[in-house]
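In: Quick one: sequence plus predicted model below, questions after.
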Protein chains: 2
Amino acid sequence: MDVIAELTSLIGADAVLTAPSDLDAVTEDWRGRYRGPALCLARPANAGQVADVVRCCARHGVPVLPQGGNTSLCGGAVPSETGPAPVILSLTRMRAVRAIDPVNNTMEVEAGCVLATVQEAAAAAGRLYPVSLGAEGSCQIGGTIATNAGGTSVLRYGNTRENVLGLEVVLADGTVWSGLYGLRKNNTGYDLKHLFIGSEGTLGIITAATLKLHPLPTCHAVAWVGMASPEDALTLLTRVQARSAARLSAFEMINRLQLDLVVGNVPGRRSPIESEADWHVLIELSDNGSGEALDDELQAILEDAFADGLLSDAALAASEAQRHAMWEIRHSVSEANKKAGVGLTTDCAVPLSAVPAFIASATAAVRALVPDLPVIVVAHLGDGNVHFIPFFSFDAWEAAAAAGDRDALAAALRHAVNDEAARLKGTFSAEHGVGRVQLAEMARYKPSAELALMHAVKRALDPQNIFNPGRLLPPG
Amino acid sequence: MDVIAELTSLIGADAVLTAPSDLDAVTEDWRGRYRGPALCLARPANAGQVADVVRCCARHGVPVLPQGGNTSLCGGAVPSETGPAPVILSLTRMRAVRAIDPVNNTMEVEAGCVLATVQEAAAAAGRLYPVSLGAEGSCQIGGTIATNAGGTSVLRYGNTRENVLGLEVVLADGTVWSGLYGLRKNNTGYDLKHLFIGSEGTLGIITAATLKLHPLPTCHAVAWVGMASPEDALTLLTRVQARSAARLSAFEMINRLQLDLVVGNVPGRRSPIESEADWHVLIELSDNGSGEALDDELQAILEDAFADGLLSDAALAASEAQRHAMWEIRHSVSEANKKAGVGLTTDCAVPLSAVPAFIASATAAVRALVPDLPVIVVAHLGDGNVHFIPFFSFDAWEAAAAAGDRDALAAALRHAVNDEAARLKGTFSAEHGVGRVQLAEMARYKPSAELALMHAVKRALDPQNIFNPGRLLPPG
């Protein structure tokens, strides 16, 4: 019996799809950049069926490619053009919120649950699931765990990794590991969940998770601040932390060009301050209780900073509408940049103290390749994550094609940026992951001892290399 | 050349000790319960020398037992009575605080640095390293990482695991993995540091770490509360979290017997409240800034709770001396219990919502074995960690010896407690680890799939089984 017939007998004909119309959406990434053939799409209904699929594929030596919401930014969730075509394993049918325990501040969910659904279910119980990102309306919780998704609340609540207490995982031999612990403390051997979190589907199939919840904040204070330099922004960050501690829930920074692109390209957006400042910072404090003092606290910090010459202009949002408008600027950067030209996005993080040096040296490095090239900076400054984006107008991008190999130029520019991050003890992938796009960077920047350890782990857990081969790890 | 001669040639005669007077302190645990022979004590000065020791031991097939401050509560850091005698590898000479970066909120330290030294160095830079526990004056940071130490600040800041950003580790083949990242976000492959954290020396030798720092709190509010039941304590906890969010830094609970033992056996201790309450809770809020409102916040919560009949008595500390006195009660429990009799300490954690059921059923279970046996409860209630302690007066303990096998009785009582934790989806070791003491519990309570995964990881990283053999993992 061939794989498809066997899968059909195991999990049912309606759960094994082979028609091109069914496969189109799952064999191409959402930006249309990567595409590859699949044997079929398997849609198991529970962990037992996932195990059936895995065992069947292992017997036939067919790769298993788990897919969540297919929102990867680095080609991690679609097949390769070459090599054996995989079975794409969708978790979409496993989307129950199994339980919420408000006293324990935990919830148990199945992997196919959409992130926004998780957030809403938590909020309905008066709790916060804090991971929040652009794709939250379509990405699945299993995918966010497999990629250790970041987002805008990492400064306060950590990455996805810090918000997972337990996992249920189907292993390469079809064993189901039930590790759905809901405990804050558990020192009983190796903490295996951390192996699977961020492993991008290469070590096992996450089928369910126990998530950590937090008190739902009841009040927010948001300000927009114009500043002369990233150094000043860091000084202000340190001051806010010293005063507001864990109330600080966001500290985002963009440069002047980014602000101008948003204001110029996205209808309805305008700068919250009248300012010629080169750097713009969004600060958010969050708290529980009545929150009367929260605006006062932020205002006092900003007044002191103004008196010390640290900032040129600042606006404190006076209403929910104004808070929303400030955040909308930040959330509009992708749309604005896509309309305005071609940005070569990077995803570096460096120690916070090195952010100013990184921005300066990365700017110099890209301009050594393309003189006077504009650069966009969009930074989650509070956690050191800087999206440094060499930026071409459409005309300049066309001119680059006429002048030579544009793909090679793009690669050279990204390498130039990543090299500066590496020199400053930073990383080339802070939140987007590796997938297939960053495999060369893995080989280029990771210490050989670290790669060797990863390969040893991969061989130990997936000796047949059936889980998402050709992703995450460069050939060893 | 034999091992000792070879080690001497590699790291120097003064760094390889074999005299009984040198070995006595490192071959017996601090409570005098476990003792075993060692080949020698090696005291390397840097990671390169650690690697030399590891390679030499690997060539000779001699086990390597890393030892920090030798403060393990479960026999994890001293040799076994049987099997090949190990080389004890002390990190004591590697105790530098290499760097503190206040802007990045990180510090880089060597493994042999004493925990209190780490805390003090952070505080001198205006930062907090939050891990705090009884042995902090002698335990070493490397040991706290290898055992994922908990303590009294887990509720607010997490375990040691959550406060480590990077590690330097000597691997089984003598490779030095330099993973001293100081990044909040880094999605570049498997997060290997989490394998070594909590691995109790069985996967590699931690030689240095990059730690996460926090703003140093500038104000505290502390209250002592008498309550009728653990259920009421949980309700109060939920209320404090809803109001104070991350300002809540401790929520500790003890039962009446524990309070009486402290007051009766430790000079200077007295109850902060005049109360016949069966359960006593210590609440601490911490914050930055001036903190004028912090006492008011806690007082308002307690007044509401009193009005609702949730608590019988409460005292808010009015001075630093009163705050200190309340904490001293909590810190005196070990001393009091040692003076008063024999407590069979356990280290369970359960989901917070299951704590009342756990205390009730564990009490019933131990009293099914020994009718009317007193029980002590010392709980880090905020993180679900309950030290449930069947307690014998000295007379009763002697009587138990006369009546039969006392060791078997102690084991049966601990099993009875751990069984109830397991039934409620809890753990038998929340913060103390496994070591040698809990090996039988690992085999008894851990799912076989989880043990098999751990063995696969162990074989992958330490195929020769030279690192701390016979610890953490029951025979596979």
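Out: On my side now, so go ahead. Numbers count the residues shown, from 1 in each chain, chains lettered A, B, ... in the order given.
In: Can I take it that A:Gln119 is in a helix?
Out: Yes: the assignment for A:Gln119 (DSSP: H, G, I helix; E, B strand; the rest coil) places it in a helix.
In: Look up the pLDDT of the nearest residue to it once chain neighbours are set aside for me, please.
Out: Leaving aside its sequence neighbours, A:Gln119 sits nearest to A:Tyr129 (C-beta to C-beta, 6 or more residues apart in numbering or on different chains; 5.2 Å). The C-beta positions use only the backbone N, C-alpha and C, and glycine is treated the same way. The score at A:Tyr129 is 98. That number is its pLDDT.
In: how near is A:Tyr129 to chain B?
Out: A:Tyr129 is 15 Å from chain B, where distance means C-beta to the nearest C-beta, to the nearest Å.
In: residues contacting that residue?
Out: Residues near A:Tyr129 by C-beta atoms under 8 Å, 6 or more residues apart in numbering or on different chains: A:Met107, A:Val118, A:Gln119, A:Ala122, A:Asn163, A:Leu211, A:Leu213, A:His214.
In: Can you say which helix or strand has the nearest residue to A:Phe428 once chain neighbours are set aside in it?
Out: Nearest residue to A:Phe428 in three dimensions, chain neighbours excluded: A:Asn418, at 4.1 Å (C-beta to C-beta, 6+ apart). A:Asn418 is located in helix A:406-423, with elements delineated by DSSP states H and E.
In: ok, residues contacting the helix or strand following that helix?
Out: Remark: after helix A:406-423, the chain's next helix or strand is helix A:439-445, criterion DSSP H and E. Contacts with helix A:439-445, where a contact means C-beta under 8 Å, 6+ apart, come from A:415, A:418, A:422, A:427-429, A:434, A:451, A:470-474, B:188-189.
In: If you rank the residues you listed by neighbours, which is first?
Out: Highest neighbour count within the contacts of helix A:439-445: A:Leu472, with 29 neighbours (other C-beta atoms under 10 Å in any protein chain shown).
In: residues in the stretch 201-350 of chain A within reach of chain B, list them.
Out: Residues of the stretch 201-350 of chain A found near chain B (C-beta under 8 Å from any C-beta of the partner chain) are A:203, A:214-215, A:217, A:234, A:238, A:241-247, A:287-289, A:293, A:297, A:349-350.
In: do you know how far A:Val375 is from A:Val366?
Out: Distance, A:Val375 to A:Val366, using C-beta to C-beta, to the nearest Å: 6 Å.
In: The two: which is more packed in?
Out: Using other C-beta under 10 Å as the criterion, A:Val375 and A:Val366 rank with A:Val366 on top: 25 against 20.
In: pLDDT score for the more buried one?
Out: 98.
In: right, and the residue nearest to A:Phe428 touches A:Asp347 too?
Out: No: if you go by C-beta atoms under 8 Å, A:Asn418 and A:Asp347 don't touch, sitting 9.2 Å apart.
In: For these two, list the residues in contact with both.
Out: Contacts common to A:Asn418 and A:Asp347, judged by C-beta under 8 Å, 6+ apart, are A:Phe428.
In: quick check: mean pLDDT across the strand or helix carrying A:Ala460?
Out: Assigned by DSSP H and E, A:Ala460 belongs to helix A:448-461. With pLDDT averaged residue by residue, helix A:448-461 scores 98.
In: How about stretch A:143-158?
Out: 94.
In: Do me a favour and get the end-to-end distance for it?
Out: In terms of C-alpha to C-alpha, to the nearest Å, the two terminal residues of stretch A:143-158 are separated by 17 Å.
In: buried stuff in stretch A:96-115?
Out: A:97, A:100-115 (16 or more other C-beta atoms under 10 Å in any protein chain shown).
In: now it, how far from the centre of its chain.
Out: Chain-centre distance of stretch A:96-115: 21 Å, with C-alpha atoms, centre = their mean, to the nearest Å.
In: list the helices and strands whichever strand or helix holds A:Ala51 packs on?
Out: According to DSSP H and E, A:Ala51 maps onto helix A:47-60. Helix A:47-60 is packed against helix A:3-11, strand A:64-67, strand A:87-90, strand A:164-170, strand A:176-179, strand A:205-212, with contacts defined by 3 or more C-beta pairs under 8 Å, 6 or more residues apart in numbering or on different chains; DSSP states H and E.
In: And the next helix or strand past the first one?
Out: Read that as helix A:3-11. Assigned by DSSP H and E, the successor of helix A:3-11 is strand A:16-17.
In: partners of that next one in the sheet?
Out: Applying DSSP bridges, strand A:16-17 is found paired with strand A:40-42 (antiparallel).
In: Show me what the partner strand is in contact with.
Out: A:3-4, A:7, A:11, A:15-18, A:22-23, A:26, A:53, A:87-90.
In: Pop the domain breakdown of chain A in here.
Out: A:3-90, A:97-215, A:219-334 (automatic domain parsing).
In: export these to TSV and tack on distance to B:Lys339?
Out: Below are the domains of chain A laid out as TSV (distance: least, C-beta to C-beta, whole Å):
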stretch	distance to B:Lys339
domain A:3-90	51
domain A:97-215	28
domain A:219-334	39
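In: tell me the most buried of those domains?
Out: Counting by mean count of other C-beta atoms under 10 Å in any protein chain shown, domain A:97-215 has the highest mean neighbour count of these, with a mean of 22.
In: what's the first-to-last distance across it?
Out: One end of domain A:97-215 to the other measures 19 Å (C-alpha to C-alpha).
In: same thing with stretch A:169-176?
Out: End-to-end distance (C-alpha to C-alpha), stretch A:169-176: 6 Å.
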